[in-house]
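Chemist: need a structure here:
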Amino acid sequence: MLVGETPLRKHKESPGYYISASKGIAVDGAQVPVGQYAPLTIGLSTTIPYAELRRDVYRPLINAFDQAIERQGGRVPSPAAAPFELCYNSSRLSPTRFGYFVPTVDLMLEGGRNWTVFGINSMAQVNRATACFAFVEMKTGDKSEYGGLARPAVVLGGFQMQQNLLVFDEEKQTLGFTSQLTGRGLSCGQFNFTMSA
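Modeler: Model (predicted):
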């Protein structure tokens, strides 16, 4: 069931769960040019709705995503809808069992596995006609959630984690993860937690 496993890491003295994208981020298989900042520390948070990225990682990511969606032929921009910057006419995006058919975002994790974010976890439907890329720029200077420490490069929010089974192994200090469960006809709400992951 699990498709990958990666070590859990610390972020300075901050509590919480962190992993490392040792090779950075890719969009549709092409590495996003944030190489000088790799490895990227990634926090996992259920208290924020959408993935937040430091500006030096966010700008290259949204540029790469917008270019990739244009190559796919699905780029019909719509006005930005707070808190999102990149929005598209959703009638021009093809629906699939993994959400809209849009470029995938891969977190290239330590250990060699990728956490792949499909359209269901990357595109938020903000109204009947508009879907937005559900990654936002981190607010500068907000360190409250991290005990006064600088934030990690990326913090994944609840939207990116929903319908993905995450297995936190405190003893081995690893995070195991599945791919998108809905694509397999499963959901977290109906998952049989007595079967082995």
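Chemist: Sheet-wise, list the partners of the helix or strand of the chain with the lowest mean pLDDT with their directions.
Modeler: Across the helices and strands of the chain, mean confidence by mean pLDDT, DSSP states H and E is lowest for strand 9-11: a mean of 84. Applying DSSP bridges, strand 9-11 is found paired with strand 14-21 (antiparallel).
Chemist: Show me how far the partner strand is from its chain's centre.
Modeler: Relative to its chain's centre, strand 14-21 lies at 14 Å (CA atoms, centre = their mean, to the nearest Å).
Chemist: The residue nearest the centre of the chain in helix, strand or coil?
Modeler: The chain has Q160 as the residue nearest its centroid, 4.8 Å off, counting by CA atoms, centre = their mean. Following DSSP: H, G, I helix; E, B strand; the rest coil, the label given to Q160 is helix.
Chemist: element containing V57?
Modeler: Using DSSP states H and E, the element containing V57 is helix 55-72.
Chemist: Give me the buried positions along that helix.
Modeler: If you call a residue buried by 16 or more other CB atoms under 10 Å, then helix 55-72 has these buried ones: V57, Y58, P60, L61, I62, A64, F65, D66, A68, I69. From N, CA and C alone the C-beta is placed, and that goes for glycine too.
Chemist: Just flag the most distant two among those residues.
Modeler: Between any two of those, the greatest separation by CB to CB is 18.7 Å, found for V57 and I69.
Chemist: what's in contact with stretch 172-182?
Modeler: 1-8, 17, 19, 44, 97-98, 115-116, 118, 120-121, 163-169, 187-188, 191, 197 (CB atoms under 8 Å, 6 or more residues apart in numbering).
Chemist: Please disregard the earlier target; I meant stretch 119-136.
Modeler: 50-53, 58, 61-62, 65, 78-81, 83-91, 93, 96, 98-102, 104-105, 159-164, 180, 182.
Chemist: low-scoring stretches of this structure, by residue?
Modeler: 1, 35-37, 141-150, 180-197 (pLDDT under 70).
Chemist: Could you report the distance from T46 to F168?
Modeler: Remark: distance between T46 and F168 (CB to CB, to the nearest Å) = 12 Å.
Chemist: ok, the buried residues of helix 55-72 vs A26, which is closest?
Modeler: Ranked by distance to A26 (CB to CB), the buried residues of helix 55-72 are led by A64 at 8.5 Å.
Chemist: Dig out what the nearest residue to that closest one once chain neighbours are set aside forms beta bridges with.
Modeler: Once flanking residues are discounted, A64 sits nearest to V27: 4.3 Å by CB to CB, 6 or more residues apart in numbering. Taking DSSP bridges as the rule, V27 bridges to A30, V105.
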